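Trainee: quick one, structure for this:
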Amino acid sequence: MARRMIFIVACLCIATAAFGQRVTRSFNNVSMSEALKWLNERGGEYNISFLYNELEDFRVTTSVKNKSVPDAIQQLIGFYPIKMTVQGKEIAVECPQKASTRYKGTVLDETGQPLPYANVALLSPRDSTLITGGVTNESGLFIIPCDQSGVLARITYVGYRPVYRHCKTPHLGTIKMRPDQYTLDGVTVKGAKPSNLSAPPIVASSPTCRAQFWNNSARSLKC
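Mentor: Next up, the predicted model:
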């Protein structure tokens with residue numbers, strides 16, 4: 001009986017220890033450094049190493065639910081240019097891009113709501129070649145390390161018009177995007193038979209565009 005009780009207690013301890021390694025918490029616009037500090041204090045047997053000042057600019061807004069410490073950190077990182085290395089119970093978190101300048105901004109939709117996962121590309125203003133880029137987080141915030149000054153920022157999101165900004169400073173502020181609307185108003189379709197073709201063409205006309213097609217291949221297009 002005593003052995004059975006010892007076995008049950010041991011199983012309960014193992015289950016408690018395993019449950020203690022799971023993380024559940026909501027982070028609302030806190031720095032990555034503070035979030036990692038909180039995880040390190042409650043991560044049990046994991047030891048998280050990072051440079052506080054290096055990650056302080058990266059803001060985190062997300063809800064972690066019943067995840068292991070490494071998975072929780074990966075969720076916090078998201079699309080940020082931050083690398084996590086796990087060796088046993090030692091976890092190292094760092095920003096591989098050691099640029100002293102970081103381009104920052106917040107992307108919103110037409111109603112003022114954050115646009116998560118918008119693509120932000122930093123381009124050369126001379127020939128528009130890509131220098132580096134990043135993705136907005138759940139709060140619409142992006143932080144991109146880049147030492148080159150005077151870059152051209154291109155912000156894109158599916159269903160929205162691209163936005164271009166000449167960056168004189170690394171602080172882009174709030175960027176509001178507008179939906180990209182595709183409309184064909186007042187389009188009419190009618191048939192007409194040209195003298196030099198045996199099959200009638202299909203003619204489509206609208207206030208902005210007129211096109212003629214013969215046998216499913218375009219002969220002319222005027223816009």
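
Trainee: kindly list the single helix or strand of this protein that scores lowest on mean pLDDT.
Mentor: Ranked by mean pLDDT, DSSP states H and E, the helix or strand of the chain with the weakest confidence is strand 210-214, at a mean of 38.

Trainee: mind giving me the domain ranges of the chain?
Mentor: 18-94, 102-176, 188-222 (automatic domain parsing).

Trainee: quick one: pLDDT of the spatially most central residue of the chain?
Mentor: With distances taken as CA atoms, centre = their mean, residue 117 lies nearest the centre of the chain, 2.5 Å away. Per-residue pLDDT puts residue 117 at 93.

Trainee: any idea how far it lies from residue 181?
Mentor: Note on residue 117: its distance to residue 181, by CB to CB, to the nearest Å, is 21 Å. In short, each C-beta sits where N, CA and C put it, glycine included.

Trainee: just residue 172 next, same as before
Mentor: 25 Å.

Trainee: the two: who's more crowded?
Mentor: residue 172 (20 against 7; other CB atoms under 10 Å).

Trainee: for the helix or strand that contains the more buried one, which strands pair with it and how are they oriented?
Mentor: Per DSSP states H and E, residue 172 falls inside strand 171-176. Applying DSSP bridges, strand 171-176 is found paired with strand 102-108 (parallel).

Trainee: after the partner strand, next one along is what?
Mentor: Next along the chain from strand 102-108, counting by DSSP H and E, comes strand 119-123.

Trainee: mind listing what's buried in that next one?
Mentor: For strand 119-123, the neighbour count (16 or more other CB atoms under 10 Å) marks 119-123 as buried.

Trainee: just checking, what packs against the helix or strand following that strand?
Mentor: The first helix or strand that comes after strand 119-123 along the chain, using DSSP H and E, is strand 130-135. Applying 3 or more CB pairs under 8 Å, 6 or more residues apart in numbering; DSSP states H and E, we find strand 130-135 packed against strand 119-123, strand 141-145.

Trainee: wait, which of these is closest to residue 61?
Mentor: strand 141-145 (7.9 Å; CB to CB).

Trainee: ok, which stretches of this protein are helices?
Mentor: Assigned by DSSP state H, the chain shows helices spanning 2-20, 32-42, 52-55, 69-77.

Trainee: pLDDT below threshold where in this protein?
Mentor: By pLDDT under 70, the weakly predicted segments of the chain are 1-20, 182-223.

Trainee: go again using 90 as the cut-off
Mentor: The model of the chain has pLDDT under 90 over residues 1-22, 42-45, 79, 97-98, 100, 138, 180-223.
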